[in-house]
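> Turn this into a model:
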Amino acid sequence: MMESYVTGSTKVKFCGLRTMDDVEHANDLRVDYVGFVFAKNSKRYVTARQAELLKSQLEPGIRKVGVFVKDDPQHIAGLLENGTIDLAQLHGGEDAEYIRRLKELTDSPLIQAFRIDSAEDLEAAKKSEADYILLDSGDGGTGTTINWELLKDFPRPFFLAGGLTPENVRDAINSLHPYAVDVSTGIETDGVKDPKKMEAFIDAVRTVEEE
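Sure thing, here's the model as predicted:
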C-alpha cells in the first residue's frame with residue numbers, strides 16, 4: 001500500500017502545502033506524500049475545504065497526509081473516510097487510548113509523531129500502536145534538527161523530520177536510513193514554499209539512491 005512514487009527507496013513527504021503552486025511543484029517532482037496541516041495555531045493551517053481543493057489537483061500516486069494536534073477523532077475519521085486525506089499524522093502527544101479510539105473509527109493508516117530530546121523519548125516511540133511513527137525535533141515545522149546519534153540503530157521504520165534541508169538530507173539518509181524524510185521549513189523561503197529548494201531536496205534524495 002505504501003509504494004514509493006519517487007525513484008529509489010527513501011520516501012519523501014513535503015509538508016505544509018497551502019497553494020496550488022505548491023501542489024503543482026509536488027506533482028512535477030513526484031513526491032510520495034504531501035501534508036496538509038489542520039492545526040489552527042499553525043501558520044500553515046488549511047481548512048478542510050482548502051485541502052479538498054488542493055487534493056483535487058494532486059497526481060493520483062501522491063498520498064495525502066492530514067496533520068492534527070489533539071483533534072476530535074470523529075473529525076479526523078471523517079476526512080479519512082471521505083478521501084480528503086489518506087493518512088492521519090498525530091502531532092499532539094496523543095496517548096494510546098486516543099489512537100485505539102481512532103482506529104475503531106477508521107482503517108486508514110495513522111502516523112504518530114514524537115518529539116525526540118532523549119533516549120527515553122525513543123522508548124515511547126518504539127511502543128506506539130500507530131502504523132507509522134515520525135521522529136521530530138519539536139512540535140513540527142521548527143526547522144531544527146534532532147540529535148541524529150540518538151536515532152542510530154532505531155528498530156522501527158520511521159519518518160524523519162526536523163531541520164532537514166537540501167544540504168543535509170543526504171547525510172541524514174546515509175546515517176539513519178529512514179523509511180521517509182519529511183520536510184517543510186527546509187523547502188521554504190520567508191515562510192513560502194520555494195520551487196528551487198523543493199527541487200534541490202528531491203535531487204539530493206535521488207543522488208543518495210544513485211550512489
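> Could you use CA atoms for every contact and neighbour count after this?
Noted.
> Give me the helix or strand of this structure that scores worst on average pLDDT.
helix 119-126 (a mean of 89; mean pLDDT, DSSP states H and E).
> hmm, who's touching it?
Helix 119-126 is contacted from outside by Phe114, Arg115, Ile116, Ile133, Leu150, Leu151, Pro155, Arg156, using Cα atoms under 8 Å, 6 or more residues apart in numbering.
> quick one: which of these is nearest Val69?
Closest approach between those and Val69, by Cα to Cα: Phe114, at 12.1 Å.
> Which parts of the helix ranked longest in the chain count as buried, going by neighbours?
If you go by DSSP state H, the chain has its longest helix at helix 195-210. By neighbour count with 16 or more other Cα atoms under 10 Å, helix 195-210 contains the buried residues Pro195, Lys197, Met198, Glu199, Ala200, Phe201, Ile202, Ala204, Val205, Arg206, Val208.
> so the fourth one sits right up against Leu29, yeah?
Spelled out, it's Glu199. Yes. In this structure Glu199 lies within contact range of Leu29 using Cα atoms under 8 Å: 6.8 Å.
> Which strands border the following helix or strand past the least confident helix or strand of the chain, and is each parallel or antiparallel?
Per DSSP states H and E, the first helix or strand lying C-terminal to helix 119-126 is strand 132-136. For strand 132-136, the paired strands and their directions (DSSP bridges) are strand 110-115 (parallel), strand 158-160 (parallel).
> Same list, the ones you listed, but as CSV with mean pLDDT please.
As requested, these are exported to CSV (pLDDT from 0 to 100):
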stretch, mean pLDDT
strand 110-115, 96
strand 158-160, 96
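> how about CSV for the ones you listed, with distance to Thr185 and mean neighbour count added?
Putting these into CSV (distance: least, Cα to Cα, whole Å; neighbours: other Cα atoms under 10 Å) gives the following:
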stretch, distance to Thr185, mean neighbour count
strand 110-115, 16, 24
strand 158-160, 14, 25
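> Show me where the chain has its strands.
In the chain, the strands defined using DSSP state E lie at 11-15, 33-37, 63-68, 87-90, 110-115, 132-136, 158-160, 180-183, 188-189, 192-193.
> Relative to Ala51, which of those is closest?
Per Cα to Cα, nearest to Ala51 of the strands of the chain: strand 33-37, 6.6 Å.
> Could you quantify the relative orientation of that closest one and strand 63-68 as an angle?
30 degrees (axes from the mean of the first three to the mean of the last three Cα atoms, to 10 degrees).
> Tell me, what's the model's pLDDT at the residue nearest to Leu54 when sequence neighbours are not counted?
Computed as Cα to Cα, 6 or more residues apart in numbering, the closest residue to Leu54 that is not its neighbour in sequence is Met20, at 6.2 Å. If you check Met20, the pLDDT there is 98.
> Surely Leu135 touches Phe159?
Yes. Here Leu135 lies in contact with Phe159, judged by Cα under 8 Å, at a distance of 6.2 Å.
> who touches Leu58 in this structure?
With Cα under 8 Å, 6+ apart, Leu58 has these contacts: Val23, Glu24, Ala26, Asn27.
> redo that, cut-off 10 Å
Met20, Val23, Glu24, His25, Ala26, Asn27, Asp28, Arg30, Val34, Lys64 (Cα atoms under 10 Å, 6 or more residues apart in numbering).
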